[in-house]
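> heads up, no residue letters with this:
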């Protein structure tokens, strides 16, 4: 953990929720202690360093549906309760995509109760990442639109693979969706949340 933080400092990362895009070697070795109940969220813990590696594993593009968001929240709770865990690296098990964002089908033709539950899970994902006591790093290894960008913004640090084909950003307006006020507020006035 200390070596990772030193490397982050050397790369110019600074302050809580600092924003940096740069190269990072992805070959990190971890001793495996996992909880992979559903295998949409894979968690590996290196007890010697106190760093957990959380990989989204929902092929083909890591869509964030209710099931995945729920599993994410449960995994975050387990890591927060683990006294040995000091930091978290969030990434994707897929090549070329971090996450394609929210599964829009979770809101299409569903009951109001389901849509409410889905949006509650989205907010819980944000709050668990943003409010975590762990040092959180988003290792963005591919495309990251919409909620992928939201996840990265919730982490303390963001590091993106150096590939001009990859992009990150909020694409809600292209879909006719308004970004949540709590995200827009975070973007426009970070001092409110720092």
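Thanks, I have the structure now. Values in this document were obtained by computation on a predicted structure and should not be read as measured data.

> which helix or which strand is home to residue 137?
Using DSSP states H and E, the element containing residue 137 is strand 135-140.

> now the strands for this structure?
41-46, 51-56, 87-92, 96-97, 135-140, 142-145, 157-160, 168-169 (DSSP state E).

> which of those strands has the lowest average pLDDT?
When those are compared on average pLDDT, strand 168-169 comes out lowest at a mean of 80.

> that one pairs with which strands?
Next to strand 168-169 in the sheet, as set by DSSP bridges, lie strand 142-145 (parallel).

> quick one: contacts of the partner strand?
By Cβ atoms under 8 Å, 6 or more residues apart in numbering, the surrounding residues in contact with strand 142-145 are 92, 94-101, 151-152, 160-161, 163, 166-171. Every C-beta, even on glycine, is put in place using the N, C-alpha and C of the backbone.

> the same query, at a cut-off of 7 Å, please.
For strand 142-145, the external contacting residues (Cβ atoms under 7 Å, 6 or more residues apart in numbering) are 92, 94-101, 152, 161, 166-169, 171.

> which of the residues you listed sits closest to residue 82?
Residue 82 has its nearest neighbour among the contacts of strand 142-145 in residue 92, at 22.1 Å by Cβ to Cβ.

> what's the closest one in contact with, if anything?
Residues near residue 92 by Cβ under 7 Å, 6+ apart: 55-56, 62, 98-99, 141-142.

> quick check: it vs residue 152, distance?
11 Å (Cβ to Cβ, to the nearest Å).

> likewise residue 121?
Using Cβ to Cβ, one obtains 18 Å as the distance from residue 121 to residue 152.

> which one of the two has more residues nearby?
When neighbours are counted by other Cβ atoms under 10 Å, residue 152 comes out ahead of the other of residue 121 and residue 152, with 25 against 22.
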